[in-house]
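>>> Make a model of this:
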Amino acid sequence: MSSLVSIRNLTKTYQRGPEKVQVLHGIDLDITHGDFVALMGPSGSGKTTLLNLIGGLDNPSGGEIDIEGQRIDQMNDAQLAQWRSHHVGFVFQFYNLMPTLTAQKNVELPLLLTKLGAAQRKRNAEVALQLVGLADRGSHRPNELSGGQQQRVAIARAIVSDPTFLICDEPTGDLDRHSAEEILGLLQQLNREHGKTIIMVTHDPKAAEYATHTIHLDKGELTDTPATH
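Numbers count the residues shown, from 1 in each chain. Modelled structure (predicted):
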């Protein structure tokens, strides 16, 4: 399988007052098409920083990030925003849904950046909600849904534009065990049946079991090579 993500000698340094703090130290990593990767490590190990760099939400201090032959480390902010809208679906711990919008309108949001007409946006949102098992909840607002259902809406929003890959930052961190397992099962289904590449940060070993590979970060360095379960 060809690499979807190819990272070489990646570094990230933040300026905190007078001091520089290096969060990532020369990371090399390859993620292939169709992988489901769990990124694990203690708090402060650089997991979310790495995830944000792969998702084009932040710029590296050094090194290369090549995604499907595109060097996103060389893009400016406007180019990155355009690239993200076509290639990345984001799923966050706290759902980030718009409280005043229905589930369907929340799912439609990424499509507002496309040339699709209103009828097609509605249809695509309905398909995405059906895929996550919420076809009958499109008219509900977030406060009328459980935490697990809200995260399903967030996943539908992440997949509605058919992105190249999904970035999930602690997607079950705010859920009870039963809801968490349902969400992880859904992600696994998107990976296995629909071929979605998924990169997921988690601190939960049980969540990592749903992935095909687990990568461990510690103090900004990869501590092992990915191993298939």
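
>>> From here on, just use CA atoms for contacts and neighbour counts.
OK.

>>> Which of the helices and strands in this protein ranks last by mean pLDDT?
Every helix and strand in the chain was compared by mean pLDDT, DSSP states H and E; the lowest is strand 227-228, with a mean of 42.

>>> any idea how far the lengthiest helix in the chain is from the chain center?
When the chain is parsed with DSSP state H, its longest helix is helix 177-194. Put simply, helix 177-194 sits 14 Å off its chain's centre (Cα atoms, centre = their mean, to the nearest Å).

>>> List of residues touching it?
With Cα atoms under 8 Å, 6 or more residues apart in numbering as the test, helix 177-194 has contacts from 34-36, 132, 147-148, 151-152, 171-173, 196-198, 207, 210-211.

>>> now, which of those residues lie within strands?
Judged by DSSP state E, strands contain the following of the contacts of helix 177-194: 36, 197, 198.

>>> give the contact list for the second one.
Which is residue 197. 32, 33, 34, 35, 36, 164, 165, 166, 191.

>>> Helix or strand: which one has the most centrally placed residue in the chain?
Nearest to the geometric centre of the chain sits residue 167, at 1.1 Å (Cα atoms, centre = their mean). Using DSSP states H and E, residue 167 sits in strand 165-169.

>>> So what are the sheet partners of that strand and their directions?
When sheet partners are counted by DSSP bridges, strand 165-169 sits next to strand 88-91 (parallel), strand 197-201 (parallel).

>>> Using PDB, list the CA coordinates for that strand.
Taking C-alpha atoms only, strand 165-169 is exported to PDB below (Å, rounded to 0.1, in the frame of the first residue of the first chain):
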ATOM      1  CA  PHE A 165      -8.800  10.900   6.000                       C
ATOM      2  CA  LEU A 166     -10.300  11.500   9.400                       C
ATOM      3  CA  ILE A 167      -8.500  13.100  12.300                       C
ATOM      4  CA  CYS A 168     -10.000  12.200  15.700                       C
ATOM      5  CA  ASP A 169      -8.800  13.900  18.900                       C
END
